[in-house]
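Colleague: Provide a 3D model corresponding to the input given below.
(one chain, ligands or ions: 1)
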Amino acid sequence: MIVCPSCGAESIHAEKGCAQCGFVPTRVDGFLAWAPDLAKHNDGFHTESFEGLARVEAGNFWFRARNAIIIWALRKYFPAFRSLLEVGCGTGFVLSGIAQAFPGKRIAGSEIYTAGLAFATQRLPTVELVQMDARKLPYVTEFDVVAAFDVIEHILEDELVLQNFHRAIKPGGGCLITVPQHQWLWSPVDEEACHRRRYSARELHAKVQAAGFRIVRSTSFVTLLLPLMLASRLAARRSGTSGGSEALQLNPVVDRVLDAIMRMEHLVIKTGVSLPVGGSRLVVLQKIPAA
Ligand SMILES: [Zn+2]
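Modeller: Take a look at the predicted model:
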């Protein structure tokens, strides 16, 4: 169900809008836009980064490893899911991996920046892609799984966003989230990425539980490469620069070595070991129905 973001009327039409107050989602760059004022500019991300990301994602071990762990977690924890919304789908790299791994499911993506959706639609020509503000998500019990991969750290009102995820999920469904972890890894890379925070497990757990979720699984990842990551973040702190998307463009040999390390780590996580430290954290959440 879609609720009118303007007046709160229930079951409004996804394209025709609200019969009660007249709210109609407009179109920006061809995409249905629910928060058109924020489609081009807001303080969550530098839109010029999308092009660099779209170019490097497939050739960078980190993005591939994250896709692998996400797809594994979906299969393991939500084997019967029929619909999934990825909030903050960016260039669609994760969503296209999910769409390939789960043919026949309803897969949807939302993104506040139409600049991201322009890349996503090339990768996912048949997938529902909409421009939306996660803080004003209009869905109520609409999807089996709502997912957000390295998104909520960009948003000041992350607790509100988690409540919106909870509302958007069907009874029995759940949520899959990844975030950057450990404030002590903070560097110009985070500033360049418009991060508001890196999470501790404690902060993330408290916030998801307050939003009405039960934690089914929580583990760090990018653990084996943490020393390397720390060294590169310290170097970034010393130089005061992030290196931009060129820093994500790796020598293919280096990329293969790092890829192999991430695969080993993934094997460990699959055995059920939850890693205490790591550059990122994955949480698998089940919706507890609101009382
Ligand atoms: Zn309305």
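Colleague: alpha carbons only for contacts and neighbour counts from here, please
Modeller: Will do.
Colleague: just the residues of the stretch 1-150 of the chain that are near the ion, which are they?
Modeller: Cys4, Cys7, Cys18, Cys21 (CA under 5 Å from the ion).
Colleague: as JSON lines, these with secondary structure, neighbour count and pLDDT would be great.
Modeller: Shown next, in JSON lines, are those (DSSP: H, G, I helix; E, B strand; the rest coil; neighbours: other CA atoms under 10 Å; pLDDT from 0 to 100):
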{"residue": "Cys4", "secondary structure": "coil", "neighbour count": "27", "pLDDT": "92"}
{"residue": "Cys7", "secondary structure": "coil", "neighbour count": "12", "pLDDT": "90"}
{"residue": "Cys18", "secondary structure": "coil", "neighbour count": "23", "pLDDT": "93"}
{"residue": "Cys21", "secondary structure": "coil", "neighbour count": "12", "pLDDT": "94"}
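Colleague: nearest to Phe119 among these?
Modeller: Cys4 (27.7 Å; CA to CA).
Colleague: verify the stated contact: that closest one with Cys18.
Modeller: Yes - with contacts counted by CA atoms under 8 Å, Cys4 reaches Cys18, the gap being 6.2 Å.
Colleague: mutual contacts of those two, please.
Modeller: Ile12 (CA atoms under 8 Å, 6 or more residues apart in numbering).
Colleague: direction included, what does the longest strand seen in the chain pair up with?
Modeller: Counting residues, the longest strand in the chain under DSSP state E turns out to be strand 169-180. Taking DSSP bridges as the criterion, strand 169-180 forms sheet pairs with strand 143-149 (parallel), strand 280-287 (antiparallel).
Colleague: now the helix or strand just after that strand: buried residues?
Modeller: Remark: after strand 169-180, the chain's next helix or strand is helix 188-192, criterion DSSP states H and E. By neighbour count with 16 or more other CA atoms under 10 Å, helix 188-192 contains the buried residues Pro188, Val189, Asp190.
Colleague: try stretch 274-291
Modeller: 274-275, 277-288.
Colleague: now, which of the residues you listed sits nearest Ala235?
Modeller: Gly279 (15.9 Å).
Colleague: okay, buried residues for the helix or strand Ser218 falls within please.
Modeller: In this structure, Ser218 sits in strand 213-221 according to DSSP H and E. Buried residues in strand 213-221, defined by neighbour count with 16+ other CA under 10 Å: Phe213, Arg214, Ile215, Ser218, Thr219, Ser220, Phe221.
Colleague: what's opposite the first one in the beta bridge?
Modeller: Looking back up the chat, that one is Phe213. With DSSP bridges as the rule, Phe213 is bridged to Lys287.
Colleague: equivalent analysis for the fourth one, please.
Modeller: Listed by DSSP bridges, the beta-bridge partners for Ser218 are Val283.
Colleague: switch to numbering from 10
Modeller: Let's use 10 as the start, then, which means that last one is Ser227.
Colleague: Val293 is in contact with that one, correct?
Modeller: Yes - between Ser227 and Val293 there is a contact at 6.4 Å, judged by CA under 8 Å.
Colleague: lowest pLDDT pick from the buried residues of stretch 283-300?
Modeller: Looking at the buried residues of stretch 283-300 by pLDDT, the weakest one is Ile297, with 92.
Colleague: which residues does that residue contact?
Modeller: So Ile297 contacts Pro180, Gly181, Gly221, Phe222, Arg223 (CA under 8 Å, 6+ apart).
Colleague: can you give me the helices in the protein?
Modeller: 58-65, 70-86, 102-110, 123-132, 167-177, 197-201, 210-219, 235-248, 261-279 (DSSP state H).
Colleague: and those helices: which comes nearest Ile116?
Modeller: helix 102-110 (6.6 Å).
Colleague: what helices or strands is that closest one leaning on?
Modeller: helix 70-86, strand 115-120, helix 123-132 (3 or more CA pairs under 8 Å, 6 or more residues apart in numbering; DSSP states H and E).
Colleague: please repeat the previous calculation with a cut-off of 7 Å.
Modeller: helix 70-86 (3 or more CA pairs under 7 Å, 6 or more residues apart in numbering; DSSP states H and E).
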